[in-house]
Each structure stands twice: as structure tokens, then as C-alpha cells.
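Visitor: Just to be clear, the model below is a prediction. Sequence and coordinates:
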Amino acid sequence: MSIKRTALTTLFATAIVCAAPVQAQESHVERVLSTMVSQAMQNVTAEINEEVQKSILTSAYNFSFAKPVDPTVPATKVTITDIASAKTTAKDSDVTEKSED
């Protein structure tokens with residue numbers, strides 16, 4: 001039995017020794033892939049930010065809140081009439097017109 005135990009122990013030790021470099025290589029591959037993925041994500045993030053800024057600047061250039069005032073254009077006047085008082089005035093004028101008949 002000691003020969004079997006010795007053989008199994010030797011086989012187990014050999015498996016551990018051979019597996020260590022393979023795990024190291026996988027770790028290196030994982031680091032390279034992780035670096036590539038993070039660089040790709042940074043590039044995509046930068047491109048998205050540039051596109052958003054481009055869209056904002058384009059829309060801001062095409063649309064302006066502050067229009068320049070042209071001094072040659074005549075001034076305009078806005079009048080607001082309350083509908084309720086306009087109806088009351090119309091009814092009063094109807095009453096006065098009927099009474100004149």
C-alpha cells in the first residue's frame with residue numbers, strides 16, 4: 001500500500017506543479033482581456049460624450065432664445081381681454097339696443 005500512496009502522492013504533486021503555470025497563463029490572458037475591455041469601454045464612453053456634446057452644440061447653434069431687436073421694426077402692442085367681462089359688456093349692449101327699439 002505504501003507504493004500506491006507514494007504513486008498517488010507523486011501524481012498529485014505533479015498535477016499541482018503542472019497546473020500552476022497553466023493558471024498563471026490564464027491569469028495573464030485574463031489581465032490582457034480585462035485591459036482590452038476597459039480600454040474599449042473608455043473609448044465608447046468618450047465617443048458617446050462627444051456625440052452628446054455635438055448634439056447639444058448643434059441644437060444650441062440652430063435655436064436661439066435671444067433674438068436681436070431690429071430698431072426699424074415698429075413696436076407691437078399686446079392687449080389682453082378678459083372673456084367674462086367681454087361677455088358681460090356684450091350682454092349690456094344687447095339690453096341697451098333692445099330698449100331703444
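Guide: Arrived safely. Given the structure is predicted, the values throughout are model-derived calculations rather than measurements.

Visitor: per-residue confidence for Lys98?
Guide: pLDDT recorded at Lys98 is 51.

Visitor: cool, and Thr89?
Guide: What the model reports as pLDDT for Thr89 is 65.

Visitor: What of Ala40?
Guide: 93.

Visitor: Phe63: how many residues sit nearby?
Guide: 7 (other CB atoms under 10 Å). Every residue, glycine included, has its C-beta placed from N, CA and C.

Visitor: next one: Ile80
Guide: 4.

Visitor: now it, what's its secondary structure?
Guide: coil (DSSP: H, G, I helix; E, B strand; the rest coil).

Visitor: now it: how far from Thr35?
Guide: According to CB to CB, to the nearest Å, Ile80 and Thr35 sit 66 Å apart.

Visitor: How about Pro74?
Guide: 68 Å.

Visitor: Which one of these two is surrounded by more residues?
Guide: Neighbour count, other CB under 10 Å: between Pro74 and Thr35, Thr35 has more, with 10 against 5.

Visitor: So the more buried one, which state does it fall into?
Guide: Going by three-state DSSP: Thr35 is helix.

Visitor: Ok, Pro74 next?
Guide: Applying three-state DSSP: Pro74 is coil.

Visitor: Pop out the phi and psi values for it.
Guide: Dihedral angles of Pro74 (phi, psi; degrees, to the nearest 10) stand at phi -70, psi 150.

Visitor: do you know how far it is from Ser27?
Guide: Counting by CB to CB, the gap from Pro74 to Ser27 is 79 Å.

Visitor: State the pLDDT value of Ala19.
Guide: Ala19 carries a pLDDT score of 68 in this model.

Visitor: Ok, Val52 next?
Guide: Looking at Val52, its pLDDT stands at 92.

Visitor: cool, the one 5 residues further on as well?
Guide: According to the model's per-residue confidence, Leu57 sits at a pLDDT of 85.
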